[in-house]
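Asker: Sequence and predicted model, in that order:
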2 protein chains.
Amino acid sequence: MTNRTRSNQQVTNQKAKLEMKAAIFNGKGTITVEDRPKPTINEPTDAVVRVVLACVCGSDLWFYRGISELAHGGVGHEFIGVVDEVGGEVKDLAVGDFVISPSSWSDGTCRNCQHGFHTACVHGGFFGQGGDGDGGQAEYVRVPHADGTLVKVEGSDFSDETLASLLALTDVMATGYHAAVSADVQQGQTVAVVGDGAVGLCGVLASKLLGAQRVIVLGSSHEDRHALAREFGATDIISVRGGEAVEQLKALTDGFGADAVLECVGTKASVEAAFAVAAAGAIVGRVGVPHDVELDAEGTFYRNVGMRGGPAPARAYQPELLKQVLDGSINPGKVFDASFDLDDIAAAYAAMDERRVIKALVKVGELA
Amino acid sequence: MTNRTRSNQQVTNQKAKLEMKAAIFNGKGTITVEDRPKPTINEPTDAVVRVVLACVCGSDLWFYRGISELAHGGVGHEFIGVVDEVGGEVKDLAVGDFVISPSSWSDGTCRNCQHGFHTACVHGGFFGQGGDGDGGQAEYVRVPHADGTLVKVEGSDFSDETLASLLALTDVMATGYHAAVSADVQQGQTVAVVGDGAVGLCGVLASKLLGAQRVIVLGSSHEDRHALAREFGATDIISVRGGEAVEQLKALTDGFGADAVLECVGTKASVEAAFAVAAAGAIVGRVGVPHDVELDAEGTFYRNVGMRGGPAPARAYQPELLKQVLDGSINPGKVFDASFDLDDIAAAYAAMDERRVIKALVKVGELA
């Protein structure tokens, strides 16, 4: 082999190494898998993570359906994987560590992180926002502020079920939990969960974790969702809509309404239902991204009905929820009822868009 | 004296005894003092209270100004006085007891009362709602569910200052306190209080009671209000409005905004300011009755800004606040900067309407 040949071979290898497959948003209804440059360390606080599992979020459907704008580019904000590279200032992580990521990066030190609202970190941002940024539905992701963002998982031998539950902690379970925390769910309470999508189902699980005695789901007519809701702890399921659903819930609560309400959808109708079923003094914990929602300033005032919530600061909850997954107390991974390879991620989006699956898991790489 | 004469005399006496003076709302801008029948026990759980002190509420100005509708009739929902008569089922009160009342009656036993939201009691209602109902700006008031509603004050020898502070517990101080509790004010926090009317000033006092380190008032240009705000614990006062006020507050908080916000006005502009100065994850505790208010469903969502509050369940806070008044820890009665006799209550309304006074106390009867 001449020097020239060897040199060319090196260039080819290097090029192969520097590319990866990533899901790319190409406009309404179009997700393609394309080659993109493999991310590199840009800042000394960065890490690069090799993705093992990713998934599709209900909120990804907003841009997929053309309801919200998104620039062409990398998508996905839910991933678990293995640290592939670290910057010089990363202290708590090493190459080879198995990590779960929140949907956003955060420094962990600013006022907002210290208050538990990592999604409002002054140095933060969300993965998978299109454009040139990194998305989690890809083979590799650059993670800024890696020490503040990633949570290391001890151990190496995990069942597929456990891996799915760890993946759920990146966003969907953290979001259900954030709804329940925001709604201030307390021991012994009656909780209403509006929505039986993956977030709503995780909201049921979270409500039980926080001690709810009764969990009433206002959901769809999908029997598979009802079954999982009951497995997660739902005591009652209301599958009618609108005023009729509100009436049924009132009838179940002596006319008072629910002590705490989780709003897990974000549409005008779901938000109205959430406020309508709230008992006096109850808080609506909202995590459904609001679209064309109007909040009733006066009606809620007279009943002292409150509202909290927003994008889930998953990082705040992951250490605690991780313990619960690893000791088998919770199994939020059950919300994944279909699995796709990264190459087939377009089918995953379509299946979720058409409500054929609750939540689609995306296999990207191997853990070991 | 013939029998006939004596009999007539008795009728006259009885008639005199059965009448009282009461402030009557007679349409926009018109409050008159008229003779009305003295209230009687209608239900065995009623008490009749002889009023010692009453006052005019900022919320009374809504109907006075014609902004909200109110039927001709008795008004006022703030009063302290002496129990004059009790129904057969009243157990905890006796004739002669000195009592403070909340602005609404409540049974104290229903789900909503048990949860601390007495203003949503299933057997409750507000005093002074016009029509034939009883108002607190009168010589006597019938109090339904007296045991659940009234709070007995032990002792009989009180200074005018203490009496004014006890009067403040009926609504204005309870409302400021409710704003602070709703906003979840915690030890060491930076709190923004929107409004420097009597409720806002009490909100300052309440924030300090709950441990706020810094209390920033967004208020008017009234120097007397600033002085009282500072006396109550305000550390900073912003007297500009709108976007400029928001900028000043942000500058005082390293750009983050306040950890908790008390909305004590209820206008579109004040509510907008309250949400704008809230830090990520902060709760706006709102007690200003909202008028033409629009709540920003999306902007608040992304910052995880919450909202709680409504009509203050004064009854829930009175036992604790009563102790604080009696031991001299707080002196909310300082919000009363003018005093009127019941006969002159029209002047009290006018003075408040024209913002010549912060809050008008109304002398109705003697304690002893």
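Answerer: Now that the structure is in, tell me what you want to look at. Not measured: the values here are computed from a predicted model.
Asker: And the strands in the stretch 1-150 of chain A, which stretches?
Answerer: For the stretch 1-150 of chain A, applying DSSP state E, counting those that start in this stretch gives strands covering A:19-25, A:31-37, A:47-55, A:73-74, A:79-86, A:98-100, A:104-105, A:125-126, A:140-143.
Asker: Figure out which of the ones you listed is closest to chain B.
Answerer: Checking the strands of the stretch 1-150 of chain A against chain B by C-beta to the nearest C-beta gives strand A:125-126 as the closest, at 10.3 Å. From N, CA and C alone the C-beta is placed, and that goes for glycine too.
Asker: Doesn't residue A:348 belong to a strand?
Answerer: No: according to DSSP: H, G, I helix; E, B strand; the rest coil, residue A:348 belongs to no strand; its state is helix.
Asker: on that earlier part again, mean pLDDT added to the strands of the stretch 1-150 of chain A, as CSV?
Answerer: Compiled in CSV, those are given as follows (pLDDT from 0 to 100):
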stretch, mean pLDDT
strand A:19-25, 96
strand A:31-37, 96
strand A:47-55, 98
strand A:73-74, 95
strand A:79-86, 98
strand A:98-100, 98
strand A:104-105, 98
strand A:125-126, 96
strand A:140-143, 98
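Asker: Among those, which comes closest to residue A:195?
Answerer: Closest to residue A:195 of these is strand A:47-55 (C-beta to C-beta; 17.7 Å).
Asker: related to what we said a few turns ago, with mean neighbour count and distance to chain B as added columns, please give the strands of the stretch 1-150 of chain A in TSV.
Answerer: TSV is the format used below for the strands of the stretch 1-150 of chain A (neighbours: other C-beta atoms under 10 Å in any protein chain shown; distance: least, C-beta to the nearest C-beta, whole Å):
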stretch	mean neighbour count	distance to chain B
strand A:19-25	23	20
strand A:31-37	16	25
strand A:47-55	27	22
strand A:73-74	22	20
strand A:79-86	23	22
strand A:98-100	23	21
strand A:104-105	26	11
strand A:125-126	14	10
strand A:140-143	26	21
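Asker: CSV for those, including distance to residue B:245?
Answerer: Shown next, in CSV, are the strands of the stretch 1-150 of chain A (distance: least, C-beta to C-beta, whole Å):
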stretch, distance to residue B:245
strand A:19-25, 40
strand A:31-37, 45
strand A:47-55, 42
strand A:73-74, 39
strand A:79-86, 42
strand A:98-100, 42
strand A:104-105, 30
strand A:125-126, 29
strand A:140-143, 39
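Asker: quick one: which of these is nearest residue B:207?
Answerer: Nearest of those (C-beta to C-beta): strand A:104-105, 31.4 Å.
Asker: Neighbouring strands of the closest one in the sheet, and parallel or not?
Answerer: Note on strand A:104-105: by DSSP bridges, its sheet partners are strand A:125-126 (antiparallel).
Asker: Might you calculate how far stretch A:182-200 sits from the centre of the chain?
Answerer: 17 Å (C-alpha atoms, centre = their mean, to the nearest Å).
Asker: Repeat that for stretch A:223-241.
Answerer: Taking mean C-alpha positions (C-alpha atoms, centre = their mean), stretch A:223-241 and its chain are 20 Å apart.
Asker: Which positions within it qualify as buried?
Answerer: By neighbour count on 16 or more other C-beta atoms under 10 Å in any protein chain shown, the buried set for stretch A:223-241 is A:225-226, A:228-229, A:232-239.
Asker: May I ask which two of those are separated the most?
Answerer: Across the buried residues of stretch A:223-241, the longest distance by C-beta to C-beta is 17.5 Å; it joins A:233 and A:239.
Asker: Only the C-alpha atoms, please, for stretch A:217-236, written as CSV.
Answerer: C-alpha atoms of stretch A:217-236 as CSV (Å, rounded to 0.1, in the frame of the first residue of the first chain):
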residue,chain,number,x,y,z
VAL,A,217,-59.2,9.6,33.9
LEU,A,218,-61.0,11.7,31.3
GLY,A,219,-59.9,10.0,28.2
SER,A,220,-60.6,8.5,24.8
SER,A,221,-62.6,5.5,23.9
HIS,A,222,-59.4,3.4,23.3
GLU,A,223,-59.7,0.2,25.3
ASP,A,224,-55.9,-0.3,25.4
ARG,A,225,-55.4,3.0,27.0
HIS,A,226,-58.0,2.2,29.6
ALA,A,227,-56.3,-1.0,30.4
LEU,A,228,-53.0,0.6,31.0
ALA,A,229,-54.6,3.5,32.9
ARG,A,230,-56.1,0.9,35.3
GLU,A,231,-52.8,-0.9,35.5
PHE,A,232,-51.1,2.4,36.5
GLY,A,233,-53.7,3.0,39.2
ALA,A,234,-56.7,4.7,37.6
THR,A,235,-59.9,3.9,39.6
ASP,A,236,-62.4,5.4,37.2
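Asker: quick one: contacts of it?
Answerer: A:192-197, A:200-202, A:204-205, A:207-208, A:212, A:214-216, A:237-239, A:245, A:249, A:252, A:273, A:277, A:334-335, A:337, A:355, A:358 (C-beta atoms under 8 Å, 6 or more residues apart in numbering or on different chains).
Asker: roughly how far apart are residue A:175 and chain B?
Answerer: Going from residue A:175 to chain B by C-beta to the nearest C-beta, to the nearest Å gives 12 Å.
Asker: Compute the first-to-last residue distance for stretch A:185-198.
Answerer: 19 Å (C-alpha to C-alpha, to the nearest Å).
Asker: And chain B, is it touching that?
Answerer: No: taking C-beta under 8 Å from any C-beta of the partner chain as the criterion, stretch A:185-198 and chain B are apart, separated by no less than 10.0 Å.
Asker: quick one, what contacts the residue of the stretch 101-250 of chain A found nearest chain B?
Answerer: Residue nearest to chain B within the stretch 101-250 of chain A (C-beta to the nearest C-beta): residue A:120, separated by 3.4 Å. For residue A:120, the contacting residues are A:112, A:313, B:280-281, B:303-304, by C-beta under 8 Å, 6+ apart.
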